[in-house]
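Q: Pasting the sequence and the predicted model now:
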Amino acid sequence: MTTPAAAPAAPAAAPSLTPVFVRLKLSLLRNGLRQSSGRRAAYVASAVVALLFAALQLLGLILLRGDEHAATVTVILVAVLALGWAVMPLFFPSGDETLDPTRLVMLPLRPRPLVRALLVASLVGIGPLFTLCLALGAVIAVARGGAAIAVGAVAVPLTLLLCVALARAVATANVRLLTSRRGRDLAVLSGLVIAVGAQLVNFGAQRIGSSAEGLGELEPAADVLGWIPPSSALSAVHATGEARYATAAAQLILSFAALLLLLHLWQRSLTRLMTSPDGSTLAAAEPDRRQRGGGLFARLPAGRTGPVMERTLRYVWRDPKTKAAWVTSLAIGLIVPVFNALQDTGSVYFACFAAGMLGIQMYNQFGQDTSAFWMVAMTVASTRDAYEELRARALALLVITLPYAALVTVLTTALLGEWHALPETLGLSFALLGAMLATGAWSSARYPYSIPQQGHKNVAPGQAGLAWISIFGGMLAAAVLCAPVLALTIWLHTAGHSSWTWLLLPVGTLYGVAVTGAGLRIAAPRVARRLPEILAAVSKG
């Protein structure tokens, strides 16, 4: 008698990915801190500062409880926090190794468990703890009554999950960009975004401080943001405390729907990312069909001038450090005069700030070439060659700086309504720009320094003194060179000849052209004589 065959054993359940990814996140963090004592000290210092700021923020929000503007402040604060979570992965993609899911492409992982595991692992870190403290303090500030506290107990984790899911969805959707050269450009430009944001915050704070309504001016914006997740979750707590249960339910449902939508988009991005080939390799395999030598570059002058101008403009467009310097100068040169004009505290002469910021780009012209300057040095055989090299670089800068300085001047004048001062302001701007180009050419020859291609430093170690002398010494020299035009401006106003100030436009323009030409001719012999020294100085980065 034969015994029946044993029934096949049930397949073992697949282990959960969530604890694996949490341990992976902790291991990455621990191993990263072991790399160097400097990195460990930086992490500890940033953690202490972040936690201290989070504690103070929590205390401030608790003290805000009972204030009539508590809901307005907290709703806007949560919206700003969510915005930070959305944009930080774009500017700091290397801050978290787990933001790049392409490292998991070869593993047999399903999108849904992977999303769940990555979401939980993302809750480990200083950022989520800071967000939790802020969300908790915001709920404490606006919760009134038992029902509001119950809704707040849901709103706090919901806000945290929304912020983390938003960051992950944005990072996954743009991971190809973040790992490319353009992604590194975004990282370099992060400082500009912070600077512009600080100016906007400063402008808003000054406007609120000078208004009779105070924080009441923010109520229309808070009413709109109260329906945009994750601020809608916090707004639901406030609505519950005021017995507006239908509104609170709608806002809470909207937050849950936004979380589900973000998780769905994140899962779709992961699926597409892990099943489609890398577009960069496909593009590299195809023949380059782009036309070369066409467009605006075909209109550049012949001879040495055209190629040098094209090279300089391509640096502006393609080199991350050069692009960051240009974008920063363009933005700050516009923000300072325009924001002061909007606050009625500025002067039309603040428009000259744009010319000064853009003129700085003429300094250290050879530093952006780095060690490739040897190719430029091989083409400079005489003072004439050096002069043409410097002149072409100055002309390339003028293609951008001249119309931009004029635009900022016209815009500032229009905001202040002082059209009568437009000619003299343009004349002063052009004179200052010419002086900056002249001193920049001489400074590039006398105090060249290297610009590291990796990292955020703009000066190679040991050359910081050269950079300070080059920039600030050149700026002081440019101010001295502008003294004749400035003295003429002051004399026309103090002597009662204001009707003749329009003469400053042609005078300032001609003076700027003359001083630029003189500066280039003075700097050219020094460049021709110091080619080996310049090459050695710019090759240290």
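A: Received the coordinates, thanks.

Q: longest single helix anywhere in the chain?
A: With secondary structure taken from DSSP state H, the chain has its longest helix at helix 383-416.

Q: List the contacts of the nearest residue to Val507 once chain neighbours are set aside.
A: Spatial nearest neighbour of Val507, excluding adjacent residues (C-beta to C-beta, 6 or more residues apart in numbering): Gly427 at 6.0 Å. Yep, even glycine has a C-beta here, placed from its N, CA and C like the rest. Each residue near Gly427 by C-beta atoms under 8 Å, 6 or more residues apart in numbering is listed here: Val485, Leu504, Leu505, Pro506, Val507, Gly508, Thr509.

Q: mind showing which ranges of this structure have poor pLDDT?
A: 1-15, 36, 38-39, 90-103, 105-106, 176-216, 276-298, 454-458, 461-462, 541 (pLDDT under 70).

Q: tell me, how many neighbours does Pro525 end up with?
A: 14 (other C-beta atoms under 10 Å).

Q: For it, give me its contacts.
A: Shown in contact with Pro525 (C-beta under 8 Å, 6+ apart): Thr383, Ala386.

Q: change it to 6 Å
A: With contact set as C-beta atoms under 6 Å, 6 or more residues apart in numbering, Pro525 has these partners: Thr383.

Q: in which helix or strand would I find it?
A: Per DSSP states H and E, Pro525 falls inside helix 504-529.

Q: I'd like the next helix or strand past that helix.
A: helix 531-538.

Q: Which strands and helices lie in contact with that next one?
A: Where contact means 3 or more C-beta pairs under 6 Å, 6 or more residues apart in numbering; DSSP states H and E, helix 531-538 is packed against helix 373-379.

Q: Give me the buried stretch members for the helix it packs on, please.
A: Buried positions in helix 373-379, judged by neighbour count with 16 or more other C-beta atoms under 10 Å: Phe373, Val376, Ala377.

Q: swap in stretch 145-155?
A: By neighbour count with 16+ other C-beta under 10 Å, stretch 145-155 contains the buried residues Ala148, Val151, Gly152, Val154, Ala155.

Q: need these in TSV with secondary structure and distance to Val410, can you?
A: Below are the buried residues of stretch 145-155 laid out as TSV (DSSP: H, G, I helix; E, B strand; the rest coil; distance: C-beta to C-beta, whole Å):
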residue	secondary structure	distance to Val410
Ala148	helix	53
Val151	helix	53
Gly152	helix	52
Val154	helix	53
Ala155	helix	49
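
Q: quick one: which two of these are the most distant?
A: Farthest pair in the buried residues of stretch 145-155 (C-beta to C-beta) is Ala148 and Val154. Separation: 11.0 Å.

Q: list the residues that contact both of the two?
A: In contact with both Ala148 and Val154: no residue, using C-beta under 6 Å, 6+ apart.

Q: Pull the number of nearby residues for the residue nearest to Leu17 when sequence neighbours are not counted.
A: Setting aside the residues directly before and after it, Leu17 is nearest to Ala117 in space (C-beta to C-beta, 6+ apart), at 3.8 Å. The number of residues packed around Ala117, counting by other C-beta under 10 Å, is 20.

Q: In three-state terms, label Ala117 for me.
A: helix (DSSP: H, G, I helix; E, B strand; the rest coil).

Q: Please report how far it lies from Val348.
A: To Val348, Ala117 is 59 Å away according to C-beta to C-beta, to the nearest Å.

Q: Hmm, Ala233 is touching Ser255, no?
A: Yes: the criterion here is C-beta atoms under 6 Å, and Ala233 meets it with Ser255 at 4.1 Å.

Q: what about those two, which has more around it?
A: Ala233 (32 against 25).

Q: give me every residue that touches that one.
A: Ala155, Leu158, Thr159, Ser255.

Q: can you rerun that using 10 Å?
A: For Ala233, the contact set (C-beta atoms under 10 Å, 6 or more residues apart in numbering) comprises 78, 135, 138-139, 151-152, 154-162, 226, 248, 251-252, 254-256, 258-259.

Q: Which of these are buried, as a ChimeraX select command?
A: Selecting only the buried entries of the contacts of Ala233 in ChimeraX, with 16+ other C-beta under 10 Å as the criterion:
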select :78,135,138,139,151,152,154,155,156,158,159,160,161,162,226,248,251,252,254,255,256,258,259
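
Q: List the ones among the contacts of Ala233 that fall in helices.
A: 78, 135, 138-139, 151-152, 154-162, 248, 251-252, 254-256, 258-259.

Q: ranges for the strands of the stretch 201-350 of the chain?
A: For the stretch 201-350 of the chain, no strands are identified by DSSP state E, counting those that start in this stretch.

Q: Helices of that one, start to end?
A: 219-225, 231-241, 245-275, 279-285, 305-318, 320-342 (DSSP state H, counting those that start in this stretch).

Q: Most tightly packed of these?
A: For the helices of the stretch 201-350 of the chain, the largest average neighbour count (mean count of other C-beta atoms under 10 Å) is found in helix 231-241, namely a mean of 28.

Q: Helix 245-275 and that helix, what's the angle between them?
A: Angle, helix 231-241 to helix 245-275, by axes from the mean of the first three to the mean of the last three C-alpha atoms, to 10 degrees: 160 degrees.

Q: Would you mind writing the CA trace of helix 231-241 as PDB?
A: Extracted in PDB, the C-alpha atoms of helix 231-241 (Å, rounded to 0.1, in the frame of the first residue of the first chain):
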ATOM      1  CA  SER A 231      -1.600  73.600   4.500                       C
ATOM      2  CA  SER A 232      -5.100  72.400   4.000                       C
ATOM      3  CA  ALA A 233      -4.600  69.800   6.700                       C
ATOM      4  CA  LEU A 234      -3.600  72.400   9.200                       C
ATOM      5  CA  SER A 235      -6.400  74.700   8.100                       C
ATOM      6  CA  ALA A 236      -8.800  71.800   8.800                       C
ATOM      7  CA  VAL A 237      -7.700  71.900  12.500                       C
ATOM      8  CA  HIS A 238      -8.500  75.600  12.600                       C
ATOM      9  CA  ALA A 239     -11.900  75.100  10.900                       C
ATOM     10  CA  THR A 240     -12.800  72.300  13.400                       C
ATOM     11  CA  GLY A 241     -12.000  74.600  16.300                       C
END
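
Q: Now find how far off-centre it is within its chain.
A: The chain centre lies 32 Å from the centre of helix 231-241; the measure is C-alpha atoms, centre = their mean, to the nearest Å.

Q: try stretch 508-515
A: 34 Å.

Q: Other residues contacting it?
A: With contact meaning C-beta under 10 Å, 6+ apart, stretch 508-515 is reached by 355, 398, 402, 423-439, 478, 481-482, 484-486, 488-489, 504.

Q: can you rerun that using 6 Å?
A: Gly427, Leu428, Phe430, Ala431, Leu433, Gly434, Ala435, Ala438, Leu481, Val485.

Q: Could you verify my assumption that the fourth one touches Cys482?
A: Read that as Ala431. Yes: the pair Ala431 / Cys482 is scored as a contact, 5.3 Å apart, by C-beta under 6 Å.

Q: So which of the two has more stuff around it?
A: Ala431 (31 against 24).

Q: show me what contacts that one?
A: Residues counted as contacts of Ala431 (C-beta under 6 Å, 6+ apart) are Cys482, Val485, Gly508, Tyr511, Gly512.

Q: Tell me which residues touch the nearest residue to the last one once chain neighbours are set aside, please.
A: This points to Gly512. Excluding its sequence neighbours, the residue lying closest to Gly512 (C-beta to C-beta, 6+ apart) is Gly434, at 2.6 Å. Taking C-beta under 6 Å, 6+ apart, we find Gly434 in contact with Gly512, Val515, Thr516.

Q: Now that Ala50 has come up, it's in contact with Pro128, right?
A: No: the criterion here is C-beta under 6 Å, and Ala50 misses it with Pro128 at 11.0 Å.

Q: Determine the three-state secondary structure at Gly496.
A: coil.

Q: dump the residue contacts of it.
A: Shown in contact with Gly496 (C-beta under 6 Å, 6+ apart): no residues.

Q: What distance do you get for it to Asn364?
A: When distance is defined by C-beta to C-beta, Gly496 is 44 Å away from Asn364.

Q: Repeat that for Ala523.
A: Taking C-beta to C-beta, one finds Ala523 at 13 Å from Asn364.
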